[in-house]
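> let me see the structure of the following:
(one chain, ligands or ions: 1)
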Amino acid sequence: MTDKRKRVAVLISGRGSNMAALIAAAKEPAYPAEICGVVSDNTEAAGLAVAAANGVPCKVVARRDFADRQAHDSAIDAALAGFKAEFVALAGYMRLLSAPFVRKWQGRMINIHPALLPSFKGLDTHRRALDAGCRIHGCTVHFVTPEMDDGPIIAQAAVPVLTDDTEESLASRVLKLEHKLYPVALALLCDGKARMEGDCTVLAPAGLQERNAAQFVMAPEFASAERSLEDLARFTP
Ligand code: GRF
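The predicted model follows:
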C-alpha cells in the first residue's frame, strides 16, 4: 500500500454498478484509493443514490445547463477540483470529453469499456461481438485519450462466448468481470504500478523488477484466489 490513499473521483451517467464496485473496493483500508466524489452529467442517474447511500459526495453537472461541450467539461473540472481529486475513473460516463479536458487529466484518467479493445469501440459491444462470431469477449480498462476508447490498455479480462448466449447473458457475464477488473486496474494506477508513457502503459516501476515485477503485476489477488482453469486461462493482464 502507498503511504497516502489517492483521491479518485468517478464520473457516471447512469446505473453506476462499476462506480459501486470501486466504492466497495475502497472500503478496504489497504486499498490505495479513496472515492472522494461522484460527478454525473445526468440528474436521473441511478448511481447517484448508490453513491449517496455510501456517504460519497455527489455533484450533478447537467449537460443542458451548458452551451457547449467545453463549457460543460470546465464545470466538471471545477467539480473535480472541489473534490480535490487526483485521479478520475469514468464508469459508464456517456459523453465524449473535450480534448483540453482530456489533456489536462491525461495519465490520471481511466475508463472501463465492455469489450476487448481495440475491438468493438463505441456502443452495442455485446451485440457486435455476437454478430462477429467471437468466441472470446470481455472488458478493458484503459487510459483516456482524446479519441474515444483508444488510449493505452492497463488491464483486460475475458469471458468465453457460449453458443446459447444472448446479448443480455453475455453482457451480464462481462459486467461481473468488469466489477472485478476495474478495482484491480485502479489500484495499479494509484499504487504507481501502471502509468502512461507516451502512447503506452508501463506496468510496475523499475524498482519492482528485482522482485519479479511481471508476476507481481500480472497475478492480481482475485485471479489467484479463484483458481479455476477458465479464469487463469482467460484473465489478463
Ligand atoms: C459498463 O458496461 C461500462 O463498461 C461501460 O458502460 C457500462 C456502465 O455500467 N463503459 P455501470 O453504469 O457501471 O453499471
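> run through the residues that contact Gly198.
For Gly198, the contact set (CB atoms under 8 Å, 6 or more residues apart in numbering) is empty. (Each C-beta comes from the backbone N, C-alpha and C, glycine too.)
> so what's Ala223 scoring on pLDDT?
Looking at Ala223, its pLDDT stands at 47.
> which residue does this protein have closest to the ligand?
Gly92 (2.6 Å; CB to the nearest ligand atom).
> doesn't Val10 make contact with that residue?
No. Counting by CB atoms under 8 Å, Gly92 sits too far from Val10 to count as a contact (9.5 Å).
> of those two, which one has the most company?
Val10 (32 against 21; other CB atoms under 10 Å).
> check which helix or strand the more buried one maps to.
Using DSSP states H and E, the element containing Val10 is strand 6-12.
> close to the ligand: what parts of the chain are there?
12, 14-19, 91-92, 112-114, 139, 175, 178 (CB under 6 Å from any ligand atom).
> and of these, the nearest to Asp131?
Nearest to Asp131 among the residues of the chain next to the ligand is Pro114, at 15.0 Å by CB to CB.
> so the closest one makes contact with Lys176?
No. Pro114 sits out of contact with Lys176 when judged by CB under 8 Å, with a separation of 11.4 Å.
> out of the two, which sits in the more crowded spot?
Of the pair Pro114 and Lys176, Pro114 is the one with more neighbours under other CB under 10 Å, namely 23 against 15.
> ok, now which ones touch the nearest residue to Tyr31 once chain neighbours are set aside?
Among residues not flanking Tyr31 along the chain, Ala25 sits closest, at 5.4 Å (CB to CB, 6 or more residues apart in numbering). Residues near Ala25 by CB under 8 Å, 6+ apart: 31, 183, 186-187.
> ok and the helix or strand containing Ala25 relative to strand 6-12, angle-wise?
Taking DSSP H and E as the definition, one finds Ala25 inside helix 17-26. Relative orientation of helix 17-26 versus strand 6-12 (axes from the mean of the first three to the mean of the last three CA atoms, to 10 degrees): 160 degrees.
> list the buried ones in helix 17-26?
By 16 or more other CB atoms under 10 Å, the buried positions in helix 17-26 come out as 17-23, 25-26.
> which two of the contacts of Ala25 have the greatest separation?
Tyr31 and Leu186 (8.7 Å).
> compare neighbour counts for the two and give me the winner.
Of the pair Tyr31 and Leu186, Leu186 is the one with more neighbours under other CB under 10 Å, namely 29 against 20.
> next one: the longest helix along the chain to chain centre, how far?
Ranked by residue count, the top helix of the chain under DSSP state H comes out as helix 167-190. Offset of helix 167-190 from its chain centre (CA atoms, centre = their mean, to the nearest Å): 8 Å.
> any figure for the gap between the residue nearest to Tyr31 and Leu80?
Distance of Ala25 to Leu80, given as CB to CB, to the nearest Å: 20 Å.
> ok, Ala9 next?
5 Å.
> do the same with Val159
Val159 is 33 Å from Leu80, by CB to CB.
> ok, now Gly55?
From Gly55 across to Leu80, the span is 19 Å (CB to CB).
> now Phe66: closest residue in space that isn't a chain neighbour?
His72 (4.0 Å).
> name the helix or strand for the one you found, please.
Going by DSSP H and E, His72 is in helix 69-82.
> mind saving the C-alpha coords of that helix as PDB?
The C-alpha trace of helix 69-82 is given here as PDB (Å, rounded to 0.1, in the frame of the first residue of the first chain):
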ATOM      1  CA  ARG A  69     -19.100  20.500 -24.500                       C
ATOM      2  CA  GLN A  70     -16.100  22.600 -23.400                       C
ATOM      3  CA  ALA A  71     -18.200  24.700 -21.000                       C
ATOM      4  CA  HIS A  72     -19.700  21.500 -19.600                       C
ATOM      5  CA  ASP A  73     -16.300  19.900 -19.200                       C
ATOM      6  CA  SER A  74     -14.900  23.100 -17.500                       C
ATOM      7  CA  ALA A  75     -17.800  22.800 -14.900                       C
ATOM      8  CA  ILE A  76     -16.900  19.100 -14.400                       C
ATOM      9  CA  ASP A  77     -13.300  20.100 -13.900                       C
ATOM     10  CA  ALA A  78     -14.400  22.600 -11.300                       C
ATOM     11  CA  ALA A  79     -16.400  19.900  -9.500                       C
ATOM     12  CA  LEU A  80     -13.300  17.600  -9.600                       C
ATOM     13  CA  ALA A  81     -11.200  20.400  -8.100                       C
ATOM     14  CA  GLY A  82     -13.900  20.800  -5.400                       C
END
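> alright, calling it a day.
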